[in-house]
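[1] what follows is a predicted structure for the sequence shown.
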Amino acid sequence: MPHEPSPETRDLVVQMARLGDLVQTLPAIEALQQAYPERSLDVLCAAPLSGVLDAVRGIGRVIPWDGAQWRAWATRWHENPTATLQGMQNYLACFSDTTYERVYPLNQHERSHLMTQLFLRHSAREWEQDRIEARMRPWAQHLRHVARERGSNRVHLADAWCGMCGVLPRGQAPSCVPLAVDLPEDLAEIGERQGRWVALVTGAGETDRCVSPAVWSQWIREFLIQTQDGQVVLIGSGTEREAAQAILDSVPTLLHGRVWDATGRTNISQLMLVLHRCHWVIGADTGPLHLGTLVGTRALGWYFSRARLHETGPYGEGHWVYQHATQAQPQRWPIMESIALMCGNQGRGATDWTLWRSRMDRWGAYFGDASENQTVESSRAEIWRACAPALCESMVA
């Protein structure tokens with residue numbers, strides 16, 4: 001069934017990647033809303049993550065994309081093409097009947113290209129496709145170069161996505177208030193008692209970015225010993241329940257009353273509320289770390305393996321990241337240093353790790369210190385002038 005044009009002027013952002021990418025798409029969404037207040041903005045995202053956007057102001061419609069269902073149809077296609085095609089058509093007709101004059105795809109893969117063609121208004125398809133290509137090509141080339149060369153890029157991925165949408169960053173981080181939802185009864189007191197509450201992300205989306213349960217249990221022991229009012233909340237997906245249990249098993253029984261295991265026990269809206277009730281969130285470069293920044297929680301990241309803070313560090317002002325010196329698996333972790341930082345002591349690096357603080361300026365988010373602000377701004381401005389010269393000219397004007 002073909003999509004029907006909408007009488008309302010509507011645009012669509014396509015972000016089909018994981019939780020952290022969706023959160024870091026919000027600066028581009030807000031920049032688009034600011035640049036085109038007369039246009040309604042919809043978002044297509046992975047179905048399990050649509051709840052994130054329910055708490056975000058100003059989004060018209062959230063279109064949930066069920067990737068698992070489409071993979072199942074692809075598997076069954078050769079068995080019964082007619083029935084499979086009918087199921088696909090019914091699905092598409094069910095979740096949206098709108099086409100768009102402008103579509104902003106932010107993923108460089110075929111599924112994203114397919115969604116762009118599916119939702120573009122037929123009359124606008126040819127010229128809008130040219131506009132998309134002109135906007136995205138310089139930034140896509142820049143990001144491929146960064147991934148290949150591992151150079152000194154200082155433009156955050158969230159701000160590069162602004163460039164891909166043809167808008168400048170707003171210079172401030174998105175924020176939202178979580179929905180008022182009920183937590184499981186035994187988790188309802190999280191954040192309600194006095195104390196220093198820390199959400200600890202037990203896993204990561206990729207195995208090579210996971211911190212071992214032994215390291216996390218050591219961190220928890222040291223934190224709870226040094227902070228009499230400290231409370232730790234374990235968070236993560238259902239696949240990380242085993243890791244959370246391994247962490248708990250290594251924590252002394254006397255400290256269990258100050259460790260709350262919410263791993264795999266919250267939906268996305270409940271997770272946002274849990275994060276909002278904590279003062280800090282600590283973890284590797286993973287989705288819940290970024291989700292915490294959206295709801296006003298300070299983030300402290302341990303970035304290692306292929307994670308690079310200058311591209312995907314926590315977005316906003318006043319977050320911290322320990323960046324490992326190499327891509328090799330760390331042999332030593334900044335346990336005592338990160339605890340000291342959370343307790344208000346002066347931040348310091350650790351052996352094989354450097355410490356960075358997030359800041360904001362007119363080009364978006366970056367990590368550095370006051371001594372290099374001017375140099376960093378100059379290098380980022382140069383990238384923007386190369387990738388989006390017309391936007392930079394409009395800024396000067």
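    All right, it came through fine. Numbering: from 1, shown residues only.
[2] going by C-alpha atoms from here, please, whenever you check contacts or count neighbours.
    Will do.
[3] for the helix or strand where residue 69 lies, packing partners?
    Residue 69 belongs to helix 67-76 when assigned by DSSP states H and E. Judged by 3 or more CA pairs under 8 Å, 6 or more residues apart in numbering; DSSP states H and E, the packing partners of helix 67-76 are helix 81-95.
[4] and residue 11, that one's in a strand?
    Yes. Assessed with DSSP: H, G, I helix; E, B strand; the rest coil, residue 11 lies in a strand.
[5] that one pairs with what?
    residue 41, residue 102 (DSSP bridges).
[6] spit out the contact partners of it.
    39-42, 100-104 (CA atoms under 8 Å, 6 or more residues apart in numbering).
[7] try residue 333
    Going by CA under 8 Å, 6+ apart, the list of residues near residue 333 reads 215, 350.
[8] how close does it sit to residue 354?
    As for residue 333, its distance to residue 354 is 11 Å (criterion: CA to CA, to the nearest Å).
[9] what touches both of those two?
    By CA under 8 Å, 6+ apart, no residue touches both residue 333 and residue 354.
[10] what is the top helix by length along the chain packed up against?
    Of all the segments of type helix in the chain, defined by DSSP state H, the longest one is helix 125-149. Judged by 3+ CA pairs under 8 Å, 6+ apart, helix 125-149 is in contact with strand 102-105, helix 157-164, helix 373-387.
[11] can you list these in TSV and add mean pLDDT and mean neighbour count?
    Below are the helices and strands packed on helix 125-149 laid out as TSV (pLDDT from 0 to 100; neighbours: other CA atoms under 10 Å):
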stretch	mean pLDDT	mean neighbour count
strand 102-105	94	24
helix 157-164	96	25
helix 373-387	86	15
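[12] any chance you could map the helices in the stretch 151-300 of the chain?
    For the stretch 151-300 of the chain, the helices defined by DSSP state H, counting those that start in this stretch cover 157-164, 213-226, 241-250, 268-276, 287-294.
[13] for those helices, which one sits closest to residue 76?
    helix 268-276 (30.2 Å; CA to CA).
[14] give the buried residues for that closest one.
    268-276 (16 or more other CA atoms under 10 Å).
[15] greatest separation within these: which pair is it?
    Comparing every pair within these by CA to CA identifies 268 and 276 as the most remote, at 12.3 Å.
[16] against residue 199, how distant is residue 283?
    9 Å.
[17] how close does residue 14 sit to residue 254?
    48 Å.
[18] same check on residue 112?
    51 Å.
[19] picking that back up, for residue 292, find the nearest of the helices and strands packed on helix 125-149.
    helix 157-164 (15.8 Å).
[20] returning to that earlier point: name the residue in residue 283 and residue 199 with the higher neighbour count.
    residue 199 (30 against 26; other CA atoms under 10 Å).
[21] right, and that one touches residue 236 too?
    No. In this structure residue 199 lies outside contact range of residue 236 using CA atoms under 8 Å: 9.9 Å.
[22] residue 112 and residue 254 - which one has more neighbours?
    Neighbour count, other CA under 10 Å: between residue 112 and residue 254, residue 112 has more, with 19 against 7.
[23] residues in contact with the more buried one?
    14-16, 105-106 are the contacts of residue 112 under CA under 8 Å, 6+ apart.
[24] rewinding a little: quick check: buried residues in the longest helix of the chain?
    Going by 16+ other CA under 10 Å, helix 125-149 has these buried residues: 125, 128-129, 132, 135-136, 138-140, 142-143.
[25] okay, residue 2: pLDDT?
    As predicted, residue 2 sits at a pLDDT of 40.
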